[in-house]
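Enquirer: I need the structure of the sequence given here:
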Amino acid sequence: MDQHPVPRQITTFEFKLIGFLTIKQFIYLLIFVVLAFIIYSVFPIPILNIFFAIITAGIGAAFAFLPINDRPLDVWIKNLARRLISPTQYKFKKHNLPPNFLKDIPNQADPTQVATHVDSRQKLNNYLNKGQATGDTKKQSISNLIQTAVLGPTAKKEEKSSPASSTPHKPFFTGVIKNHKEMPIYGVLIYVKPDEKGEPLRILKTNVNGIFATFNPLPVGDYFFEIKDPQGRHFFDTMKIKVENSNPNPLQFLSKELI
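Expert: This next block holds a predicted model:
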């Protein structure tokens with residue numbers, strides 16, 4: 001069986017730079033030898049000055065060459081002093097502030113929540129107005145059918161004189177929003193602005209497939225696309241994109257959240 005060395009304390013290991021002494025050992029010996037010489041020279045009693053000088057030099061030698069459990073003597077003295085000075089009892093004192101709902105101070109509304117609420121209300125009004133216009137169109141088509149049934153083939157000929165185009169209305173531009181895993185994101189709001197600090201000209205929202213579109217044309221020019229996730233899970237950069245009269249290629253935006 002192979003013999004392994006016994007584990008030793010290596011955190012206090014120092015290189016021997018001055019002969020067989022480390023820098024710390026050399027400093028301890030130098031200081032205490034100088035103190036021993038001063039005591040020997042200054043103390044008036046001949047025997048006692050030798051005794052105290054030997055004790056002082058021995059203390060320096062103990063600090064330099066007498067480790068206990070692989071730890072120097074100065075470490076033991078520092079730990080002892082720290083334990084004697086440190087308190088033996090500790091008291092818990094809570095410094096946490098109480099939450100706002102336990103105070104009488106009214107909560108201040110978050111500006112982002114207020115802006116989201118205003119945007120949602122504006123989109124709801126636009127949707128209701130659009131639905132009302134669609135309802136009026138349906139009522140008009142029903143009245144036209146009734147008039148056609150009453151007037152007969154003469155009215156049909158008059159209607160044929162101004163036929164409506166049967167081709168579906170194509171979107172002005174479309175786009176798709178995805179995360180860093182190329183998965184579509186639902187419910188993301190897209191603000192189309194003429195400049196970064198201007199009012200949005202279009203407010204769009206992605207469907208379950210992450211696609212958004214607008215059917216109302218915009219003048220040719222550069223527009224800023226500011227994308228926001230109402231849930232705050234995805235983050236996007238504001239992009240400056242040039243819009244033409246015809247935009248056959250869909251726009252694509254990727255989120256930049258941390259992976």
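Enquirer: Which strands or helices does the longest strand seen in the chain pack on?
Expert: For the chain, the strand that runs over the most residues, judged by DSSP state E, is strand 221-228. Helices and strands touching strand 221-228, by 3 or more Cβ pairs under 8 Å, 6 or more residues apart in numbering; DSSP states H and E, are strand 189-193, strand 239-243, strand 251-254. Glycine gets a C-beta too; all of them are placed from N, C-alpha and C.
Enquirer: Pull the CA coordinates from the second one and hand them back as CSV.
Expert: Going back to what we said before, that points to strand 239-243. Taking Å, rounded to 0.1, in the frame of the first residue of the first chain, the C-alpha atoms of strand 239-243 are listed here in CSV:
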residue,chain,number,x,y,z
MET,A,239,-35.2,49.8,-34.0
LYS,A,240,-35.1,52.5,-36.8
ILE,A,241,-36.6,51.0,-40.0
LYS,A,242,-37.3,52.6,-43.4
VAL,A,243,-40.9,52.0,-44.6
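Enquirer: Who does it pair with, and is each partner parallel or antiparallel?
Expert: Looking at strand 239-243 with DSSP bridges, its partner strands are strand 221-228 (antiparallel).
Enquirer: repeat for the shortest one
Expert: Paired strands of strand 251-254, with direction, are strand 173-178 (parallel) (DSSP bridges).
Enquirer: What average pLDDT does the strand it pairs with get?
Expert: Averaging pLDDT along strand 173-178 gives 90.
Enquirer: circling back: mind putting the helices and strands packed on strand 221-228 into a markdown table with mean pLDDT?
Expert: Below are the helices and strands packed on strand 221-228 laid out as a markdown table (pLDDT from 0 to 100):
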| stretch | mean pLDDT |
| --- | --- |
| strand 189-193 | 92 |
| strand 239-243 | 89 |
| strand 251-254 | 89 |
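Enquirer: Go through these and pick out the most buried.
Expert: Ranked by mean neighbour count, the helices and strands packed on strand 221-228 are led by strand 189-193 with a mean of 19 (mean count of other Cβ atoms under 10 Å).
Enquirer: Touching the helix or strand following that strand from outside, list them.
Expert: Next in sequence after strand 189-193, counting helices and strands by DSSP states H and E, comes strand 202-205. Residues outside strand 202-205 that contact it (Cβ atoms under 8 Å, 6 or more residues apart in numbering) are 119, 122-123, 187-192, 212-214, 216, 218.
Enquirer: quick one: residue 237 from residue 226, how far?
Expert: For residue 237, the distance to residue 226 equals 9 Å [Cβ to Cβ, to the nearest Å].
Enquirer: Check residue 35 too.
Expert: Taken as Cβ to Cβ, the span from residue 35 to residue 226 is 76 Å.
Enquirer: Spell out the secondary structure type for residue 83.
Expert: helix (DSSP: H, G, I helix; E, B strand; the rest coil).
Enquirer: Just give me the neighbour total for it.
Expert: 9 (other Cβ atoms under 10 Å).
Enquirer: For it, give me the pLDDT.
Expert: For residue 83, pLDDT reads 87.
Enquirer: what does the one 4 residues further on give?
Expert: Reading off the confidence values, residue 87 has pLDDT 83.
Enquirer: Now do the same contact list for it.
Expert: Applying Cβ under 8 Å, 6+ apart, no residues contact residue 87.
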